[in-house]
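**Q** Sequence first, predicted model second:
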Amino acid sequence: MKQLPLLLGPGPTQSFENFAVGANAVAVGALRAASSSSTPLYVWGPAGAGKTHLLRALAREAAVQGRRVGAFDPSLEAPWPWGEGVDLVLLDGCDDFDAARQHAAFALFVEAATHGVPVVAAGRLPPVDLPVREDLRTRLGWGPVFQLLPLAEAEMRVTLKREAGRRGIALSDDVTSYLLTRFARDLGSLMALLDALDQFALIEQRAVTVPLLKRMLTEQPLKEGA
C-alpha cells in the first residue's frame, strides 16, 4: 500500500499534545475518537489551520496502538490499492484531488465501508464546496464535519513562544510582534520561519532579535504575508 509519510513531518513531532487547540477543542476531541467509529469524519480550514498536523497526530497515535494506517494525499499517484489489515484511512488535501485521485478515494471509501474501517479526511473547503465528483463529496460529508478556527492573537503569541522554546529560541515580544504583523498568520508558515531563524541564529552565534531576523530575510528572502 502506498502511504503518505504522516509520521515523519519536518520539525518537531506533530502530536495532539503539541497542537494549539484554541477554539477547536470539540473538533480535536471528535477526531481523536474517530478511529474507533466507522462513521467518516471531515475537518476543513485554510492552509496552516492544522489539518495535516492533526492527521499526522492521529496516525502516530494509531501506530503506537499497533494499528495499520493507510494515508493518502495529492502527492501520491493513483491508484491507491486497499491494503490488508488496514484499520484507519486518512485522506489529506481532498480539495486538490484530480479525477484519478477522486476515483481512488471513492474506491477506498467503498472498501472502508465493507470492512468497517473509519475514514478521516481533510481539505481547505467543506464537503459541499469541494470540486470533486458527487459520490465522493457525499461520502466525505456523511459523518461529522468540523471547521478548524484560527487562533486568536493572544493564543498565537503563546504558541509562537512555546514552539520557539522547543527550538531553544528565546522569542521576545518585539520579535513576536514583527512575525505576526509581517507574515501570514498560519502556523505552518510561521513554524518553518522559526526553523530557518533557529538555523540562522546558530550559524551567526547571535541571539534572536528583530535586526537579526531582518538580516536573515535580506540574505534568505521569504515570502511575507499581508
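**A** Looks like it came in fine.

**Q** how long is stretch 112-126 end to end?
**A** Counting by C-alpha to C-alpha, to the nearest Å, you get 21 Å between the two ends of stretch 112-126.

**Q** Quick one: residues in contact with it.
**A** If you take C-beta atoms under 8 Å, 6 or more residues apart in numbering as the criterion, stretch 112-126 is touched by 31, 34-47, 51-52, 54-55, 58, 86-96, 108-109, 111, 130, 139-141, 145, 147. (Each C-beta comes from the backbone N, C-alpha and C, glycine too.)

**Q** Of those residues, which belong to strands?
**A** 41-44, 88-91, 145, 147 (DSSP state E).

**Q** Averaged pLDDT, stretch 47-64. What do you get?
**A** Computed over stretch 47-64, the mean pLDDT rounds to 91.

**Q** Just the buried residues of that stretch, please?
**A** Neighbour counts over stretch 47-64 (16 or more other C-beta atoms under 10 Å) mark 48-62 as buried.

**Q** Ok, stretch 121-140 next?
**A** Buried residues in stretch 121-140 (16+ other C-beta under 10 Å): 121-124, 126-127, 130, 132, 136-137, 139-140.

**Q** Spatially, which two of these are the most separated?
**A** Comparing every pair within the buried residues of stretch 121-140 by C-beta to C-beta identifies Arg124 and Arg139 as the most remote, at 18.1 Å.

**Q** could I get the ones in strands among the contacts of stretch 112-126 as TSV with pLDDT, distance to Leu160 and neighbour count?
**A** Output for the ones in strands among the contacts of stretch 112-126, formatted as TSV (pLDDT from 0 to 100; distance: C-beta to C-beta, whole Å; neighbours: other C-beta atoms under 10 Å):
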residue	pLDDT	distance to Leu160	neighbour count
Leu41	97	29	23
Tyr42	98	28	25
Val43	98	23	26
Trp44	97	24	23
Leu88	95	32	23
Val89	96	33	24
Leu90	97	27	27
Leu91	98	30	28
Val145	97	29	18
Gln147	97	23	14
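
**Q** quick one on the thing from earlier: which of the buried residues of stretch 47-64 fall within helices?
**A** Of the positions in those, 51-62 sit in helices, assigned by DSSP state H.

**Q** of those, closest to Lys214?
**A** Lys214 lies nearest to His53 out of these, by C-beta to C-beta, at 28.6 Å.

**Q** what's the helix or strand for Ala122?
**A** Using DSSP states H and E, Ala122 maps to strand 119-123.

**Q** any idea how far the residue nearest the centre of the chain is from Ser75?
**A** Residue closest to the average C-alpha location in the chain (C-alpha atoms, centre = their mean): Thr52, at 1.8 Å. The gap separating Thr52 from Ser75 is 12 Å, by C-beta to C-beta, to the nearest Å.

**Q** And Leu171, by the same measure?
**A** 32 Å.

**Q** Show me what the closest residue to Ser35 other than its chain neighbours is bridged to.
**A** Ranked by C-beta to C-beta, 6 or more residues apart in numbering and with sequence neighbours excluded, the top spatial neighbour of Ser35 is Leu88, at 5.1 Å. Leu88 has these beta-bridge partners by DSSP bridges: Val69.

**Q** Understood, closing this out.
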